[in-house]
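Asker: below are the sequence and a predicted model for it; my questions follow.
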Amino acid sequence: MREGRPWDVDDTAEFEEFVRSRGHALYRYGVVLTGDPDDAADLVQEALLRLGDAWSRVRRKDDPEGYVRTIMVRQHISWWRRRRRERLVDAVPETGYQDERLAGDGGLWAEIRALPRRQRAVLVLRYYEDRSDEQIARMLGVTPATVRSQAFRALRKLRVLTSRDGVVLTARRTR
Amino acid sequence: MSRRTEADLTEVLHRVADSAPEPAGLFAELARRRRRRRARRRTTLAVAAAVAAVAVAAPAAIHAVGDRFTVMVRPDLASGSPPPVPAPRRVDARPAEELWPGAIRTVPATAADGRPYRIMAVLDRTRVLLGVESSLDRMDRLEVYDSASGVRTEFARLSSPGIRRSFTGVVAGERHIAWRSEFTYDRRRRTELWAMPRDGGRQRPVAVLTGKDQDVERLQEAGDHLVWSTRSGGVYRVPLGGGTPERLAGTDGLHLTTWPWAADVATPSLGDENQTLLVDLASGTRRALRPRPGVTGLRCSPDRCLGRAGGRIVIGRPDDPELKPLTEPTLERGVELGQGRFLLVSDLVETAGGERFSGLVYDLATGDVAGVGSVVGTLQTGLTGVAITSPPDGTFAGWRAGPLQSNEICRPAPEGKETNPEDVRGGAAGGMCHVEITGPAKEFRLLDLTAMSPPPPR
């Protein structure tokens, strides 16, 4: 915090350099988290505003990006209740964006978007961000066991065969 | 339906991310929201200052390319007595213009079409390379300004404007200007490295980076190659004529400083991590460093070590374990300029002659200290230091220069309105005042470290 200082040296430029170099990547992360470009834009802006407030503290810890990605995923989950209601009342028409870009994915993205937010967040952190379950647990403030169970449910819904499933199937066959 | 695998999941998430249409002006809107938010927050700070005049050093804009201004607010003075505003720290320094007149240049702040410039590189004793902003995070044109003749000429315009390329991270090497362009192409995130001769000519792509190796740091020209390291560590090179990047053997975990030198930590230091290894990539020599207890953020070049201890910036030699204090206590870390001979520290200071600066440049060879950077506001309204920009190669320090016009704007609190915790209002009547820089600076002042005369022999 910078309380107590009657003057301020401008740290805006350094923060903006971070936004410039990492903002686009953060927006892309927001898109897969939220499943919606507009929500992603809201999410990344909110998170970067919060990062900007804490910049002097966060930048000293070498990982402002990890900080802002954690803010984004937590904010995304906490927005869920409020936004779900709005979405149910005001059904947003699908834009051409999803269909056009994802021809040939067998409907997988549409199914990912339909997952509960927490489950989707776990999948994004695991398969897009390539994070371990322990890291994901720290980011979401839950236990690794919860992460695993959320991932398990999500993968079941999506009918994704995991390496663990493969081992089980092989074992059954040999019986 | 065929079975889906985890690889399919990864693939589809990346395809979605890479092909997402980015809303226009996303980050420009962020900058606007941030300015409004900061204006509100400053009110809180000014009030806190009136209660407890504790000097806590603020962060500064260093190693940044950009020059937005902040605003400073104070409680509504009409409603009560003004809070005591402590004066800036008194220092024994002389203005850089006075101390090193031969190294100071003045450069216009906006292009002929009114768009803002950003200083990219010093080309020679009179010419400066400027980027022309098309939006907050994009530059689509480079111009050269010649301070001897006052003439500006177009140097390069982005080729293939259909793709959202930008001049990002522009560096001036001995014979080439190089930069990177980040964009999405064919549904994949890509980073391209480009170069063109310093004297002008054709710009051409040198390398395409894909996958996880796109976070380029310290791009520079080394002989016939471009060299750089990545954020996760590892040093790469590619021939300037173009080709496939080659990861140099034995550079796992290393970060380039200035070719051929590399360290086991990134520079500049943002955290407390100490450098423990200094590597000469040309000869393969590896030198272990042993930071003294209590020293943090240690960074060493072959000639000099800088770190922090006891709240001060400390300085020494790689072969000498003792580091001596260089500055008064400050939260700032300092940025090396001019191949390590100079150190830039952002701080709001005042000389005995009453001149105020937003930073100090220490000449480590001679002991001279120069004031740089502008300050706006008054002791009554509060003071704001203007950002000082320096490129990773430390060849210059630049800042918006005067006369900067500012304007105090006061608003009474709306009656009966519930206060938003984020929208704290100062003053007994709950009004809010802030100082805005209303007249954008017409020029940059630039301290060209390449033009400094060599230190006198001791």
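Answerer: On my side now, so go ahead. Predicted model, so just to flag it, every value in this text is computed and none were measured. Numbering: from 1, shown residues only, chains lettered A, B, ... in the order given.

Asker: tell me the domain ranges of chain A?
Answerer: A:1-92, A:106-175 (automatic domain parsing).

Asker: mean neighbour count, those: which tops it?
Answerer: Of all the domains of chain A, domain A:1-92 carries the top mean neighbour count, a mean of 19, counting by mean count of other C-beta atoms under 10 Å in any protein chain shown. Where C-beta positions appear, they are placed from N, C-alpha and C, glycine not excepted.

Asker: and the residue nearest to residue A:55 when sequence neighbours are not counted, which of the three is it?
Answerer: Residue nearest to residue A:55 in three dimensions, not counting chain neighbours: residue A:15, with 4.9 Å by C-beta to C-beta, 6 or more residues apart in numbering or on different chains. For residue A:15, the assignment made with DSSP: H, G, I helix; E, B strand; the rest coil gives helix.

Asker: need the contact list for residue A:15.
Answerer: The contact partners of residue A:15, taken as C-beta atoms under 8 Å, 6 or more residues apart in numbering or on different chains, are A:51-52, A:55.

Asker: so for the residues you listed, which is the shakiest by pLDDT?
Answerer: Lowest pLDDT within those is found at residue A:55 (81).

Asker: doesn't residue A:19 make contact with that residue?
Answerer: No: Residue A:55 is beyond contact range of residue A:19, at 10.4 Å (criterion: C-beta atoms under 8 Å).

Asker: ranges for the helices of chain B?
Answerer: Remark: helices assigned in chain B by DSSP state H are B:6-19, B:26-51, B:96-99.

Asker: hmm, residue B:174 and residue B:121 touching each other?
Answerer: No: Residue B:121 sits out of contact with residue B:174 when judged by C-beta under 8 Å, with a separation of 12.0 Å.

Asker: between those two, which has more neighbouring residues?
Answerer: residue B:121 (21 against 9; other C-beta atoms under 10 Å in any protein chain shown).

Asker: and that one, bridged to which residues?
Answerer: Residue B:121 forms beta bridges with residue B:129, as assigned by DSSP bridges.

Asker: again with residue B:351
Answerer: Residues in beta-bridge contact with residue B:351 (DSSP bridges): residue B:91.

Asker: and it, how far is that from residue B:92?
Answerer: As judged by C-beta to C-beta, to the nearest Å, residue B:351 and residue B:92 stand 7 Å apart.

Asker: can you tell me the SS state at residue A:23?
Answerer: Strictly by three-state DSSP, residue A:23 counts as helix.

Asker: what's the closest non-adjacent residue to it?
Answerer: Nearest to residue A:23 is residue B:27, by C-beta to C-beta, 6+ apart, at 5.3 Å.

Asker: same thing with residue B:177?
Answerer: Leaving aside its chain neighbours, residue B:177 sits nearest to residue B:196 (5.5 Å; criterion: C-beta to C-beta, 6+ apart).

Asker: burial count for that neighbour?
Answerer: Neighbour count of residue B:196, defined by other C-beta under 10 Å: 18.

Asker: my guess is it contacts residue B:173, does it?
Answerer: No: the criterion here is C-beta under 8 Å, and residue B:196 misses it with residue B:173 at 10.9 Å.

Asker: residue B:398 pairs with what?
Answerer: Legend: beta-bridge partners of residue B:398 under DSSP bridges are residue B:389, residue B:446.

Asker: and for residue B:296?
Answerer: Counting by DSSP bridges, residue B:296 is bridged to residue B:308.

Asker: any idea of the pLDDT on it?
Answerer: The per-residue pLDDT of residue B:296 was computed as 85.

Asker: residue contacts, it?
Answerer: Residue B:296 touches B:272-274, B:307-309, counting by C-beta under 8 Å, 6+ apart.

Asker: point out the least confident one among the residues you listed.
Answerer: Lowest-confidence member of those: residue B:272, scoring 72 (pLDDT).
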